[in-house]
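A.B. asks: Pasting the sequence and the predicted coordinates here, then a few questions.
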Amino acid sequence: MSDLITVILAAGKGTRMKSKLPKVLHKVAGKSMVQHVLDAAKDAGATRNIVVTGFGSDMVRASINAECVEQKEQLGTGHAVMQAESLLKGEDATVMVLCGDTPLLTGELLKSFYESHKRVGCVATVLTAIVPDPTGYGRVIRKPDETFMKIVEDKDADENERHVKEVNSGIYCFNAKALFSALKEVKNDNAQGEYYLPDVLEILGNKGEKISAFSTRQYELTLGINSRAQLAEAEKILRKRKNEELMESGVTLMDPASTFIDADVKIGKDTVIYPFTWIEGNTVIGEDCELGPNIRLQNVKIGNGVTGQFTYAHDAVIDDNVILGQFVHIRPDSHLSENVKIGNFVEVKNSNIGKDTKLPHLSYIGDSDIGDDVNMGCGTITVNYDGKEKFRTKVGNHAFVGCNSNLIAPVEVADNAYIGAGSTITDAVPENALALGRARQVNIHNWKDKRK
Ligand code: UD1
Ligand code: MG
């Protein structure tokens, strides 16, 4: 059983983002940066996650499902970690410190880092890497025998130290007790007047504790986002990663470069995604679907064998073998049952559509419960709004609604009923009846001659 608890530093403002939103709440691949870090921590086996908030604390707290602690003044990374102490009293755990602005992290990297820390058995391990340009980072200073000595911040480094290319990623594993006792000894007599977390490593080392440095080749996974340009770079990397993962699992992406799939989307085998397609949020798609071109799906649950093109669907459920499109809008709280066909220029809102039912062309179906095997003729409109309130329309199984009909809600059309084309239906239609709600046609003979 893992003894891993994470402390995620997310108090900073992120000045370079030039944003009202705290930096860690900016989204990459449909998910906030701090949520990406939390998900990686969970994948690595973390049993608790504590987020240190500061700038925009309430917003951060409201957006995540994790324990939070506020750092009222940002006095440095060491001071930030200290805020979590009260939540970790008596815990004899491994504390992994992470930053909330590193959305490229993977559970895999964090897990191998944690496992190495446990295997070596030191009180602290720092994740490091060799980078071509170490400017701005803390440098890793090693003893003559190559073992870890300390970290020196860029602003405090001397000429020789500045040339060191091995840097601190800002990710560490600590024994909880050793961490919090050493933090009490950290001072702020440095170039930035801050309490530096990396100083804990030197303090512990001076006490004779063994400290190790775990150097990774995948340094790009630990990169922090500081600007909108870096945010866009991260977006590109995460989308590519998601596309590759899906193709690897048996999904065809006809043109990955024009396909935008959020990190948490799930897609079944042998589904084919055509170009210019956006699949967002918690969307789940089954097997053997053909979706796109030009589809946008947000939080939609889609069964197997669904085909669709030129469609926008959000917060809806679409069952097996439904056909959608083109130019279709499926709005929230709609449920399309098996084999439903939604054709050209149709909008469905807050409605249940029964299996085998057809809405082939030019309809608005809102606040409705439509039965199984119903044919809604071209141009059928549910008139659901009287300017003040919304009302429901109910249509029974096997009903046939003629073209260009208005169903004025609240109204019920029973099973097997027929509605003549062009009807405006205001009253209930009984089972097996034919309802005609239109003016009778009048022919005026020789009208053309009389007009002269
Ligand atoms: C830190 C490390 C540096 C390392 C680098 C890697 C220190 C002193 N230095 O430097 O060795 O190479 O990360 O990116 O730790 N934060 C708080 N509260 C604070 C200060 C910071 O929550 O009081 C958070 C920030 O929001 C950020 C993270 O801690 O998410 C790191 O802080 P930052 O100021 O970016 O540290 P660096 O100067 O980059
Ligand atoms: Mg930084």
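C.D. replies: Here it is on my side, so go on. Ligands and ions are numbered 1, 2, ... in the order given.
A.B. asks: wait, what's in contact with residue 398?
C.D. replies: 371, 372, 373, 374, 415, 416 (C-beta atoms under 8 Å, 6 or more residues apart in numbering). Quick note: C-beta positions are derived from backbone N, CA and C, even for glycine.
A.B. asks: Closest one to residue 349 out of these, please.
C.D. replies: Nearest to residue 349 among the contacts of residue 398 is residue 374, at 17.1 Å by C-beta to C-beta.
A.B. asks: per-residue pLDDT, the closest one?
C.D. replies: Residue 374 is assigned 98 on the pLDDT scale.
A.B. asks: ok so, going back, which one (most neighbours) among the contacts of residue 398?
C.D. replies: residue 374 (25 neighbours; other C-beta atoms under 10 Å).
A.B. asks: Pretty sure that one sits against residue 358.
C.D. replies: Yes: assessed by C-beta atoms under 8 Å, residue 374 is found in contact with residue 358 at 7.4 Å.
A.B. asks: tell me the two of the contacts of residue 398 that are most distant?
C.D. replies: Checking those with C-beta to C-beta, the most distant pair is 372 and 416, at 11.5 Å.
A.B. asks: which residues do the two both contact?
C.D. replies: 397, 398.
A.B. asks: for ligand 1, what are the nearby residues on the stretch 201-350 of the chain?
C.D. replies: residue 224 (C-beta under 6 Å from any ligand atom).
A.B. asks: So which residues of the stretch 201-350 of the chain form helices?
C.D. replies: 228-248 (DSSP state H, counting those that start in this stretch).
A.B. asks: Now do the contacts for the residue in it that ligand 1 sits nearest to.
C.D. replies: Ligand 1 sits closest to residue 224 of the stretch 201-350 of the chain, with a gap of 5.1 Å, by C-beta to the nearest ligand atom. Residues in contact with residue 224 (C-beta under 8 Å, 6+ apart) are 99, 101, 102, 170.
A.B. asks: nearest residue to it other than its sequence neighbours?
C.D. replies: residue 101 (4.7 Å; C-beta to C-beta, 6 or more residues apart in numbering).
A.B. asks: can you count the residues close to the residue lying closest to residue 249 once chain neighbours are set aside?
C.D. replies: Distance criterion C-beta to C-beta, 6+ apart; nearest residue to residue 249, sequence neighbours excluded, is residue 269 at 7.0 Å. Neighbours of residue 269 under the rule other C-beta under 10 Å: 12.
A.B. asks: Give the full set of residues in contact with residue 269.
C.D. replies: 249, 250, 251, 287, 288.
A.B. asks: Check the fourth one and give its pLDDT.
C.D. replies: Okay, so that is residue 287. 98.
A.B. asks: With the third one instead?
C.D. replies: Predicted confidence (pLDDT) at residue 251: the value is 98.
A.B. asks: how close does it get to residue 268?
C.D. replies: 8 Å (C-beta to C-beta, to the nearest Å).
A.B. asks: who has more neighbours, these two?
C.D. replies: residue 251 (22 against 17).
A.B. asks: Skip the chain neighbours and tell me the closest residue to the more buried one.
C.D. replies: residue 267 (4.8 Å).
A.B. asks: Does the one you found touch residue 277 like I think?
C.D. replies: No: with contacts counted by C-beta under 8 Å, residue 267 stays clear of residue 277, the gap being 11.0 Å.
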